[in-house]
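Chemist: Pasting the sequence and the predicted model now:
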Amino acid sequence: MTRLPDPSVQTAPLLAVDDLRVSFATPQGELRAVQGVSLTLERGKTLGIVGESGSGKTVLSRAIMGLLPQGSATQTGSVRYQGQEILNAPAKELRRLWGTQIAMVFQDPMTSLNPVQRIGHQITETLKLHLKLGRDEAKETALSLLMQVGIPSPVERYDAYPTQLSGGMRQRVIIAIALACAPRLLMADEPTTGLDVTVQAQILDLLSTLQRDREMGMVLVTHDLGVVATRTDEIIVMYAGNVVERAPTSVLFSRMSMPYTEALLRSIPRIGNPSHTRLQAIEGRPPNLIAPPAGCPFAPRCPYVQDKCRREKPPLVEGVVPGHSYACWFPLQTQGAVAAGAGAGSGSGSA
Amino acid sequence: MTDMISPQNEGLELALLGAAGSGSTAGSGSVLGAPAKKRLGPFFWICAGWIGLIILLALIANLLPLPNPDFENYANPQNAGPAWGHLLGTDDLNRDIFSRLLFGSRVSLVVGFGGAGIGLILGGLPAMYAAYRRGRVDTAFNTISYAVLAFPAIVAVIAIGEFWGHQLWKITLVIGVFSAPLIFRVVRASTLSYASRDFVMAAKALGASDRRILGRELLPNILPTIVSFGLIAVATIIVLEGTLAFLGLSVPPPTPSWGNMLNESASLLSGGKGQTNPWLVIFPATAMFSLLFTLNVVADKLRAYFDVAEVKL
Amino acid sequence: MGTYIAKRAVLLVLIVFFVSVAAFFLVHLLPGNPSVAILGPNDTPQNAAILNHQLGLDKPLAEQYFIWIGHVFQGNLGQSFTTHETTTSVISQSYPIDVELIIFSQLMAAVVAVPLAMKASRRPNRLFDQLANSTAFGMLALPPFVIGPVLVLIFAVHWHVFPGPASYVPITQGFWSNIHTMLLPSIVLALGSIVVYFRLLRNDLIATLQEDFITMARSKGLSDRRILWRHALRPSSVSVLASAGVTISGLIAGTFVVELLLQLPGLGFQLISAINQDDYTVVQGITLVVAVAVVLINFVFDFIFTVVDPRIARD
């Protein structure tokens, strides 16, 4: 597949999302899963999207790719891949992009792989279909992919069924499938959830390496702030369908502004902590996305909440440092509370 | 009634509940379309009413002013179409079709409900007990049910009927016995899904006797399955008996039964005369269709109403 | 997987044994002495005694059974009392018709049911799905003995599209005329199977399509059709294959019906004729053969599952 440099394509960012809103019609009312998210991503960069379950991050990643079941969701806004608008594009157009330009690494490799197909076949399927490789060529490429993702003895594994592999290996297979046709944009949706801790680190390192080698843009979606700490260029923190803070990674950790981000950081257990240190869970529960209350969505759980927070919803504003925006009426700096109290822990995450 | 010998696929007979007629639809309710509404709807009542009407007429047939269904009354016209004296016409032996239909329904109903009842007792009761107790009792019954299921029911019933006799009660009994294994499997699966739940353990911990647990805790929960599947069983048995009658191997003539009537009209078709009385085919066929259809509808609506589709293991 | 097969094989042998015992005992269901029943009440007791001895009925039951089984294994299933043909030859002449009917009808059913189920499962509970479901439901109320005469009435007697009863032509005598005679009975048989296949496949497909690996397949840029046929169909076909074992019983009943209806000289027809003539040995023989065949077929289908879905053997 030749990639001739195309001037118009090169100037547009790899991925540009503008005020994306996604809502679902439910018997109880309209569920607003994503309430106006904007982001950009360039080639070779990694964007981390962090949030609890229910924050809308998975819906966001699927909506960006266009993978939500047809007709189930209302999507407004704009999603541009290399300048081309893909939000609400017809399935045919999207299919041309999927696999070859944009690919997704799914969580839960147990259910994401077809249990009755051999993994070799699952890898070569797109090779034969999109790249029109012959059977032997495809097999060679698949074997080399298996090696790249770090699966030992790929030749023997080639004919295995997913149930015959361990969780970590299955996840590597999923990565291999995603990368088979050399996409430019990789969406990784919780790629390590459910895996052993040691395996998690390996998988994440693998993703970073592959991304560097192939100069892909990568979006890493996770609930674990520690995972994105060292491996991303920019981080977006999501809460209840909104972006509540966005910054280049180092800035986020050094100038954390939104209390939710701080709470997320504090809730990560550290290996360095003395034993029996209390786990700092965030109190309360995520808000109802069907009838969101007025004011800041985090207000009910925020330890620094004030009256204004409950009445008016804070807009996303630029902070002092360029590229850093947050949605908070009383960002942490202004309170004098040193965010470093939790130890701006870049590099000491649990991954 | 079925010939599955696949212990691994136990959940399948519940899936087959879907195939047999109470269609389970992933994520929605009645097979007849539209998500499950938590009410039975007018269609349900119409169908249930039709079944009730047939049963009622069968019961009081003797009291109605009907011409004798068995008697070949040469005073009647032959092969007449519907007319005032004979609401649905007469057949080629000058018997009144309407009267034959009414009296004939008795055979289907008796065999259907009777056979299902026998099957429920022979199959359902042990099933509840076996599923609750587990262990060797369960394995024993299970193996027996597989063994009996393996034998194709129709062949067995034909053979036994041939050697033992074609009386109505014998046929009902034999069909009932052969429907027991499938009922056993379904009731067992259903009971199993409840027997392991906490409320049963709670009852045990409170010292409730087995009988009480079976009767008060488990039975009410599996009752919807039993009723719904029971109606399906009735329909299936009616089909089985009808097939037998069509083959001439059920209750012998001149006793009318719907299958018999179709048998006679079919043999007339093969006469090749081209002069067959089409009503002889159409009326019994329509009657049978209406009964089977309404039974299936009622069973399916009940199942959807009680949301029994969730009883997949 | 080897132990799985071995276990099933043992079960198979046991069941076949049961079946043979049951078939053997059928004759003893006859009221009174079988010889008397065979000869009829007008014959002499001496003749009955002679026949009794000839049939070995004066020996202990267990011995009778083993003698009988011994004969069976040698291919001797007794003789027809009326035509004096051997049962084996009766069976071997008639079973090809049944085989043809069953294969023909199931193929028809599959060809219709699979695409319908696929189309219905793509948009569950929308118009097409609801129509298909309601139609399937209606067909449940039309078993072969109900719809058969109706169809024959319409298509063979009224409009001469298909040949009427008693017009069977064996393949050897003409391929197309054979197909012509087999078409109507196969359609009658296929109707019931279509319902079962469609319903099961549709439900399974809908469930499968909600699985994660289908979303993953979509994200690979595969077309809907490819996903349905290559990815969703196989995991969803387990229930259908299992149901093939179940529908065998209904199929046999249906086969008997159409054979009688259209006078096709298959096993069902022979069985019924033998019954009408009180030809007990033939009845016994056909019963045994059919029952054993069904058990074997079920076993084969069980085996096929493990090929289609490797997960099953693993359990």
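Modeler: Great, that's in hand.

Chemist: Let me know the pLDDT of the residue of the stretch 1-150 of chain C found nearest chain A.
Modeler: With CB to the nearest CB as the measure, the residue in the stretch 1-150 of chain C that lies nearest chain A is C:Arg123; the distance is 8.9 Å. Quick note: C-beta positions are derived from backbone N, CA and C, even for glycine. C:Arg123 carries a pLDDT value of 83.

Chemist: With adjacent residues omitted, what lies nearest to it?
Modeler: Using CB to CB, 6 or more residues apart in numbering or on different chains and skipping residues adjacent in sequence, the residue nearest C:Arg123 is C:Asp129, 6.4 Å away.

Chemist: Quick check, that neighbour in contact with C:Ala120.
Modeler: Yes: C:Asp129 is within contact range of C:Ala120, at 4.2 Å (criterion: CB atoms under 8 Å).

Chemist: what sits in contact with each of the two?
Modeler: Overlap between the neighbourhoods of C:Asp129 and C:Ala120 consists of C:Arg202, taking contacts as CB atoms under 8 Å, 6 or more residues apart in numbering or on different chains.

Chemist: More neighbours: which of these two?
Modeler: Just comparing C:Asp129 and C:Ala120: by other CB atoms under 10 Å in any protein chain shown the higher neighbour count belongs to C:Ala120, 25 against 22.

Chemist: before we move on, which element is the more buried one in?
Modeler: Following DSSP states H and E, the helix or strand that holds C:Ala120 is helix C:87-122.

Chemist: How about A:Ala188?
Modeler: Secondary-structure element containing A:Ala188, defined by DSSP H and E: strand A:185-189.

Chemist: And the contacts of that strand?
Modeler: Contacts to strand A:185-189, defined as CB under 8 Å, 6+ apart, come from residues A:14-15, A:41, A:58, A:61-62, A:64-65, A:81, A:101-107, A:178-179, A:207, A:211, A:216-221.

Chemist: 7 Å instead, please
Modeler: Contacts made with strand A:185-189 from outside it, assessed by CB atoms under 7 Å, 6 or more residues apart in numbering or on different chains, are listed as A:14-15, A:58, A:61, A:64-65, A:81, A:101-107, A:178, A:207, A:211, A:216-221.

Chemist: where along the chain do the helices fall?
Modeler: Because you didn't say which chain, this covers chain A. When secondary structure is read from DSSP state H, chain A shows helices at A:7-11, A:57-65, A:91-97, A:109-112, A:119-130, A:135-148, A:154-157, A:167-179, A:197-214, A:225-229, A:249-254, A:259-266, A:307-311.

Chemist: hm, I was asking about chain B
Modeler: In order along the chain, chain B carries the following helices (DSSP H): B:10-20, B:41-60, B:97-109, B:115-119, B:125-133, B:135-150, B:153-164, B:168-195, B:198-205, B:210-212, B:219-246, B:258-269, B:279-306.

Chemist: Output those helices as a markdown table; include the columns mean neighbour count.
Modeler: Written out in a markdown table, the entries for these read as follows (neighbours: other CB atoms under 10 Å in any protein chain shown):
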| stretch | mean neighbour count |
| --- | --- |
| helix B:10-20 | 24 |
| helix B:41-60 | 15 |
| helix B:97-109 | 23 |
| helix B:115-119 | 24 |
| helix B:125-133 | 21 |
| helix B:135-150 | 17 |
| helix B:153-164 | 24 |
| helix B:168-195 | 23 |
| helix B:198-205 | 13 |
| helix B:210-212 | 11 |
| helix B:219-246 | 24 |
| helix B:258-269 | 25 |
| helix B:279-306 | 23 |
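
Chemist: Any chance of the ones you listed in CSV with mean pLDDT and distance to C:Gln284 as columns?
Modeler: Output for the helices of chain B, formatted as CSV (pLDDT from 0 to 100; distance: least, CB to CB, whole Å):
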stretch, mean pLDDT, distance to C:Gln284
helix B:10-20, 39, 31
helix B:41-60, 90, 36
helix B:97-109, 88, 27
helix B:115-119, 94, 25
helix B:125-133, 84, 30
helix B:135-150, 80, 18
helix B:153-164, 83, 8
helix B:168-195, 87, 17
helix B:198-205, 77, 48
helix B:210-212, 75, 44
helix B:219-246, 89, 18
helix B:258-269, 84, 24
helix B:279-306, 88, 31
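
Chemist: want to throw those helices into a markdown table with distance to A:Val320?
Modeler: Formatted as a markdown table, the entries for these read as follows, by distance: least, CB to CB, whole Å:
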| stretch | distance to A:Val320 |
| --- | --- |
| helix B:10-20 | 62 |
| helix B:41-60 | 65 |
| helix B:97-109 | 86 |
| helix B:115-119 | 80 |
| helix B:125-133 | 69 |
| helix B:135-150 | 72 |
| helix B:153-164 | 82 |
| helix B:168-195 | 61 |
| helix B:198-205 | 57 |
| helix B:210-212 | 73 |
| helix B:219-246 | 64 |
| helix B:258-269 | 89 |
| helix B:279-306 | 61 |
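
Chemist: Ok, which of those comes nearest C:Ile304?
Modeler: Minimum separation from C:Ile304 across the helices of chain B (CB to CB) falls at helix B:10-20, 14.4 Å.

Chemist: What parts of chain A come near chain C?
Modeler: Chain A has residues A:65, A:67, A:95-96, A:98-100, A:103-104, A:106, A:108, A:111-116, A:125-126, A:129-130, A:161, A:163, A:177 near chain C, with proximity defined as CB under 7 Å from any CB of the partner chain.

Chemist: Report the buried members of those.
Modeler: Buried residues within those, counting neighbours by 16 or more other CB atoms under 10 Å in any protein chain shown: A:65, A:67, A:95, A:98-100, A:103-104, A:106, A:108, A:111-116, A:125-126, A:129-130, A:161, A:177.

Chemist: what about whichever residue of chain C sits closest to chain A, neighbour count?
Modeler: Per CB to the nearest CB, C:Gly221 is where chain C lies closest to chain A, at 3.6 Å. By the other CB under 10 Å criterion, the neighbourhood of C:Gly221 contains 23 residues.

Chemist: This completes my enquiry, with thanks.
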